[in-house]
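A.B. asks: structure for the following, please:
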Amino acid sequence: MASEFNGEVTSRMLEVAREKAGTLQLEIRHTSRVPGAFDMPVIVDALLRREDIDGVVTLGAIIKGRTKHDELIARTTARSLSDLSVRHQKPVSLGISGPGMHERQAHARIRPVAERAVEAVLSVYDELKRISRPCS
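C.D. replies: Numbers count the residues shown, from 1 in each chain. Alright, predicted model coming up:
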């Protein structure tokens, strides 16, 4: 899932995430675009309810403006996504760069943030599977 806000950055993040998923031989079952990071939780919730979805990668760039609005959006979104992951017992990565970041910094973080977001979903998914196995 990627936000449309700061689309030059997030479109590239989505490309990088797709590349990484391919390298890790992960199947992408659905791709969503939402207006901004704040809009992600409701769609993530709907995706996590699906039987065929094992986890969700979120991608976004929250760039600092003149106010502290970026901090509010980042904090609220991170908390909501974390809560959804716990509620559904499925991984949701936070591939959202920011807050307090300027546009140049957002461009510099495209690859590392997108790649780590994919890796995080896989890692948490694998760990959830491992700990849910019965002890022998």
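
A.B. asks: give me the residues contacting the strand ranked longest in the chain.
C.D. replies: Looking across the chain with DSSP state E, the single longest strand is strand 92-101. With contacts defined as CB atoms under 8 Å, 6 or more residues apart in numbering, strand 92-101 is touched by 3, 9, 13, 17, 37, 44, 48, 55-64, 70-71, 73-75, 77-78, 81-82, 84-85, 105-106, 109, 113-114, 116-118, 120-121, 124. Yep, even glycine has a C-beta here, placed from its N, CA and C like the rest.

A.B. asks: what pairs with the spatially closest residue to Q105 that is not a sequence neighbour across the strands?
C.D. replies: If the residues on either side of it in the chain are set aside, Q105 comes closest to S97, at 7.6 Å by CB to CB, 6 or more residues apart in numbering. Bridge pairing for S97 (DSSP bridges) gives the partners A61.

A.B. asks: give me the neighbour count for S97.
C.D. replies: Close neighbours of S97, defined as other CB atoms under 10 Å, add up to 27.

A.B. asks: so D45 versus D39, what's the distance?
C.D. replies: As judged by CB to CB, to the nearest Å, D45 and D39 stand 12 Å apart.

A.B. asks: just E51 next, same as before
C.D. replies: Taking CB to CB, one finds E51 at 24 Å from D39.

A.B. asks: out of these two, which sits in the busier spot?
C.D. replies: Comparing E51 with D39 by other CB under 10 Å, the one with more neighbours is D39, at 18 against 5.

A.B. asks: just say helix, strand or coil for E8.
C.D. replies: helix (DSSP: H, G, I helix; E, B strand; the rest coil).

A.B. asks: again with R130
C.D. replies: Secondary structure, three-state DSSP: R130 is helix.

A.B. asks: who's in contact with the residue nearest in space to the middle of the chain?
C.D. replies: When CA atoms, centre = their mean is applied to the chain, the residue found nearest the centroid is T58 (1.8 Å). By CB under 8 Å, 6+ apart, the contact set of T58 is M1, A2, A37, M40, V44, L81, V92, S93, L94, G95, I96, A117.
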